Structure formats: C-alpha cells, structure tokens
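S.K.: all I have is the shape, not the residue letters:
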C-alpha cells in the first residue's frame, strides 16, 4: 500500500513523466517537498481503531472484539458513474465514500476505516486531487471514518477511483439480503426516482437509520437501493427464494421524479431509476407496525408491500390489477 | 458492493450499451443466464473467515480474536503498470493479488480475504474477464485467500483494476517501517534488478518467509521492495529517523540485472529498478547472525549493510569509497 506509486511503474512511461513534468500537474507534486502523501496524511484524521495508518505497507486496525468485520468496495469511473463537468472533484470524492457508506448501512453496520485507490489523468492538477480528497474527508469526519490507506497513480486514462470501506456489525449482527420471510412487510426509507437531478451526488447514506432499525427491530433482510427499487427488490427475492407484491400507491415518489417530464411516469422513475441509496428491508407485520407507530428517527419510512411464497414479483395498481414488476423497473405496457 | 454495477450508471451511457450489445462483449454476459457474478461466485472458494461473501452489500468476516487486522490496497493501470500485450489477463490478475500479498508480507501478516474492483474496457470479452479472475484465484488458492467481494464495471477507458487485501497479524505482531535501530543489520531476501524482464509479473510474494522471520526473530522494521531497493530503504530510514551504510559487494544482483546491457551497471539496476517484491528488514546483529546461521526457509537471505545514527544513506564501494545513495537509486557518477 503506497499513496503514490509513480516510481513503481515497470514500463518506460514513468521515465518521460519524470523527465518532463509539466508545470502545475500532479507529476510535479511528487517532486516537491510539499508532497501529496504528506498532505493526505495531515488531512486524514486518525481514529481509535487505526494503530498504523497511511505511510506503511498496510494499515493495522484494532477492531472491537465480539463484532464481525464488514468490508465493501465500490468503484466510480469517469464517463460511466459521473461526468466532469458537471460533477466536481469534491462531489466525486463525496459520492465515492457515500456509496460505500450506503453498503455498510445496508448490513446495519458501523463504518470505521476507508482505503482509496485513484487513477489520475496525466493532466490532473494538484488542486483537483485535493478537492477529491477533501470531498472524501469531509464526509468521513461526519461519520467518524478514518482514511487509513490508499494508492494514488497517474496514467493516460480518465479518472478511475475505488474505495474500500471496513466496518463492524452492530445490534443483532449483519442484516443480509437472504432472510426475507413469507408474510414480511416490505418497507423503505425516503423516496425514489429522479436521482439524475443531483440526488446521486448529494444523497445522505442511511447509516444512522440502519443502525437504529437493527437495534430496535428484528429485521429479516435489508439492501440499499442502488440499482433501482425494482432491481434491488429482485436481489432480495432471489437471495431469499420468495416473491413479493408491491402496492403502486404506497411507493414513495421523490419530488425530482414527480417533476420529471418524459415518456415515463413518475412511478416508473421511482421503480427504475436507481442511485436513490435508500434502505429496502423486510420484517414481520408485528415489528413493521411497531416501527410505523414509533419510528426511531425522523427519516420517513413506508410500507410498500409484502413477501409472498410464490416466486414472482408483482405490482398491484391503484385499481387492483396485478402486473409483473420486471427486474429492470416497470416498463410502460409491461 | 456489487460485482456488476452496469445498471447503476447514472449517465445516459448505460442506455445505448443496454440497447446495442455487441456480440461476445462483456455487456452481453450481463444479460445471459450464465451471468458473470455467478461464475465468479462459483470460482471464489470460501474461507473459514468469510461468513457472507460475494452477493451481498458487504462481506462479513469473522476475524480471529487477539490478532489485529491488516488492510492494504494496490491499483494496477493499463499502460502504466502493465502493457497488454505482452501481459495477459491472467498475468495481470496474478500480479494484482501478488503485489498486495507482498504488502501484507511486509507487515509479517497472514492474508485472509481479497476484494477486487475492475473497470473493463467496453470491448472486453467474456474470456478476458475469466482469465483475469482465474489469475487472481489460482494465486488466492495457493495462499488460502478468499475472494470475498468486488465491483465490476464497464467503461470507455483502459483496464483499471484495484485489489484490497485483508489479513491478520502473526508472530510478534505487525512489523512496521519505523522501528529500525542504530546498529541494526540491514538484510534482504532474494536478489534485485531487471524486473522488467518478466520478474514483475511472475514474482513470488514472500508471505511465508516474512511470517517465519517474525515467528523466530525479533525484527525491528520491514518493507517490501516495490519502488526499488534504494527508494524503499529510504522509506525505512525516513520513518525510523536513522541512516544506513550499504556495502556494494553484498547487494544480491539478479541474473536478469547481470545480463542487462545498457548504460547502467548491474548494481545500478539492482539498486534502482523496483518491482522486485523482496523483503528488506532490520534486526539486531545478534538476531541477524542467528538468522544467517539457521535460516528458517530456503529463500536466500543476505546482510547488505547496517543502520547508523547520522541520517544519511551511503553506499560503500568495493574499494571502500563512500558515496551518497540517492532516493531514486544509484545514478552513475553521483
């Protein structure tokens, strides 16, 4: 593990970049006293769980006994997961940590330490790298996550970033996708659809909500909605070997989806858009009713349907008609 | 954490790729029953430490009590860390795990579970992805490492891969870079230089050697030689706030470096080439002598110098002349 691995490149490409640094570019920064790794080390506040952080071959973490360790990794690629512009370096860094926080939340875990690998375009400026890390670090501080290691590289490709987040289980342990039981209520936090209007960069990962749910209620299964409400519901159904009936009028539709004008309905956006990063979970009707009566947080929760034995996923429209809810969202006329 | 995140792309780029899959390309594979994630799940043998592996939002690891957790991440980028050809997908996958194994070895740790993120060129074929993962998995099996999660994406850039390796401390705990003491012997495993002749793809990470050293000897500091013998020695000296004198005639030079014909000497290659992935460590003269007398493995070990109080790094030539050994390797005439 090495925050700046320019020197280790085994091809001839490192030689020209060393001999002909262009002013202001990241290659310069490697050769200044104020080196990038030192800047990152200074910014990355330690955490009680990190015995050895940035600057050695591997981080040494002292994780709490009793809890299990959670590990998740997500990669964001320029042109696929974000476009710059409009996204800024800070927004990309924030999103990179946020999508991983959402994965730890989906297991009802507490995030602890992050590890970032970066492939920087050769013309990236020092300021951009600082923006990217500032975006990561501001969110990391709010969630008490240590930036404990990484690997920063320069190449001829577009921006490629990957973050690994280590956490610990909380409450009644990890909540997986495969525990949904027949009769369970299907519930969600927040609202869905229209994430391209900015939500996919600015969403708040449901870390606190997931831990509170796992502390106070007996959750049977949980997932974060990244691929889309319908697609992620299918993941839970596949892993749990059950089916579901979803009631159209109970799906919370975001304001962005309600205002979206195209050939798809607001409900279609809510079911298919993806990148909402809300929680989808199942629990017994008794536990679900208890949650609706006394939610342990102010984020909205809604009951959108129930788990059934027959392994199909159905959508019940307002007039009571049942249609198949396909994996990729509700297509018009399906 | 999601092994195939094509559906989550928030840009319009995913729409065309869904509507116009080209025959044989990876985008096809997502839509076939024999899906990539299922193939990877089947190939990725479990491990006793993995309670929940590929297929949920995060992996759940049950790490041994008493030991500390080690985490390292390394990224390999096409055109910077490898060229294809001559490197194959299998060689890139193998190297991706091997460089991280080498980092865990440098802490004298035992590797446990790997997490891989991949950015695939849009025209990558299914066979290539299988080759890449087979390269990772063959080495993983030999070192009893579980492939416990990942994130596979398609984009318009070159191949970008990142691997996070989780391990545990062994023996007397993690061996860091910052413990070198005045009077210590500086020792190395194996030989150095000429890694571009294939060594950087085929090297054997010194995992077993490092654990044996840490079990039988009191190591003061250790690092793996990835940036180059001189550069990595400087890392140890910087972190330990000491200096060193290295004896030129005692530096083990690889056969590849001895046969290299250019303007640099074999010794210069050995000191500067990088990507040898041997161990560089320091320990007391008594412990060092004991190691030379009864090494616990067959891999060669050599004493190449000693730690001194004055914070300079010097090279003593065969005729006794002392010259500065610069950070980037021994430049001719320096």
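M.R.: Yep, that arrived. The shown structure was predicted, so the numbers you read here are calculated from the model rather than taken from an experiment.
S.K.: ok, now which ones touch residue A:235?
M.R.: Contact analysis of residue A:235 by Cβ atoms under 8 Å, 6 or more residues apart in numbering or on different chains lists A:177, A:223, A:227. Bear in mind the C-beta positions are built from the backbone N, C-alpha and C, glycine included.
S.K.: just want the most central residue of chain A.
M.R.: residue A:99 (1.7 Å; Cα atoms, centre = their mean).
S.K.: nearest spatial neighbour of that one, chain-adjacent residues omitted?
M.R.: Distances taken as Cβ to Cβ, 6 or more residues apart in numbering or on different chains place residue A:74 nearest to residue A:99, at 4.7 Å, with adjacent residues excluded.
S.K.: do residue A:80 as well
M.R.: In this structure, residue A:80 finds its nearest non-sequential neighbour in residue B:155, 4.3 Å apart by Cβ to Cβ, 6+ apart.
S.K.: the one you found: how many residues sit nearby?
M.R.: Applying other Cβ atoms under 10 Å in any protein chain shown, we find 25 residues neighbouring residue B:155.
S.K.: I'd assumed residue B:119 was in contact with it.
M.R.: Yes. Using Cβ atoms under 8 Å, residue B:155 is in contact with residue B:119, at 5.2 Å.
S.K.: who does the nearest residue to residue A:68 once chain neighbours are set aside bridge with?
M.R.: Excluding its sequence neighbours, the residue lying closest to residue A:68 (Cβ to Cβ, 6+ apart) is residue A:169, at 4.5 Å. Residue A:169 forms beta bridges with residue A:109, as assigned by DSSP bridges.
S.K.: next up, the contacts around residue A:169.
M.R.: A:67-68, A:70, A:107-110, B:60.
S.K.: on that earlier part again, so what's the residue nearest to residue A:99 bridging to?
M.R.: For residue A:74, the beta-bridge partners are residue A:163 (DSSP bridges).
S.K.: quick one on the thing from earlier: ok, now how distant is the residue nearest to residue A:68 from residue A:112?
M.R.: 11 Å (Cβ to Cβ, to the nearest Å).
S.K.: okay, now the unreliable bits of the stretch 201-334 of chain A?
M.R.: Residue ranges of the stretch 201-334 of chain A with pLDDT under 70: A:329-334.
S.K.: before we move on, back to that, overlap in contacts of residue B:155 and residue B:119?
M.R.: The contact sets of residue B:155 and residue B:119 overlap at A:77, A:160 (Cβ under 8 Å, 6+ apart).
S.K.: quick check: phi and psi on residue A:135?
M.R.: phi -60, psi -40 (degrees, to the nearest 10).
S.K.: ok, residue A:95 next?
M.R.: According to degrees, to the nearest 10, residue A:95 has phi -60, psi -40.
S.K.: what sits against it?
M.R.: Contacts of residue A:95 by Cβ under 8 Å, 6+ apart are A:76, A:81-82, A:87, A:135, A:200-201.
S.K.: change it to 10 Å
M.R.: A:74, A:76, A:81-82, A:87, A:135-136, A:139, A:161, A:163, A:200-203, A:275, A:277, B:10 (Cβ atoms under 10 Å, 6 or more residues apart in numbering or on different chains).
S.K.: ok, residue A:113 touching residue A:104?
M.R.: No. Here residue A:113 lies out of contact with residue A:104, judged by Cβ atoms under 10 Å, at a distance of 11.0 Å.
S.K.: residue A:80 against residue B:160, yeah?
M.R.: No. Using Cβ under 10 Å, residue A:80 is not in contact with residue B:160; the gap is 11.2 Å.
S.K.: who touches both of those two?
M.R.: A:158, A:160, B:119, B:153.
S.K.: give me the phi and psi for the single nearest residue of the stretch 201-334 of chain A relative to chain B.
M.R.: Nearest to chain B in the stretch 201-334 of chain A, going by Cβ to the nearest Cβ, is residue A:227, at a distance of 4.6 Å. As for residue A:227, its main-chain torsions (degrees, to the nearest 10) stand at phi -80, psi -20.
S.K.: list the buried residues in the strand or helix carrying residue A:238.
M.R.: Assessed by DSSP states H and E, residue A:238 sits inside helix A:229-240. Residues A:229-237, A:239-240 are the ones in helix A:229-240 that count as buried (16 or more other Cβ atoms under 10 Å in any protein chain shown).
S.K.: as a check, name the ranges of all helices in the stretch 201-334 of chain A.
M.R.: For the stretch 201-334 of chain A, helices defined by DSSP state H, counting those that start in this stretch occupy the ranges A:207-216, A:229-240, A:255-258, A:266-272, A:285-293.
S.K.: looking at those, which is buried most?
M.R.: Greatest average neighbour count among the helices of the stretch 201-334 of chain A goes to helix A:266-272 (a mean of 24), per mean count of other Cβ atoms under 10 Å in any protein chain shown.
S.K.: next, the angle from the helix or strand hosting residue A:134 to helix A:207-216.
M.R.: Taking DSSP H and E as the criterion, residue A:134 maps to helix A:126-142. Angle between the axes of helix A:126-142 and helix A:207-216 is 20 degrees (criterion: axes from the mean of the first three to the mean of the last three Cα atoms, to 10 degrees).
S.K.: count the residues that sit near residue A:123.
M.R.: Counted with other Cβ under 10 Å, residue A:123 comes out at 13.
S.K.: and it, that one's in a helix?
M.R.: No. Under the criterion used here (DSSP: H, G, I helix; E, B strand; the rest coil), residue A:123 is coil, not part of a helix.
S.K.: now the end-to-end length of stretch A:61-81.
M.R.: 30 Å (Cα to Cα, to the nearest Å).
S.K.: distance check, the residue nearest to residue A:68 against residue A:71.
M.R.: According to Cβ to Cβ, residue A:169 and residue A:71 sit 12 Å apart.
S.K.: repeat for residue A:188
M.R.: From residue A:188 to residue A:71 the distance is 25 Å (Cβ to Cβ).
S.K.: cheers, nothing more for now.
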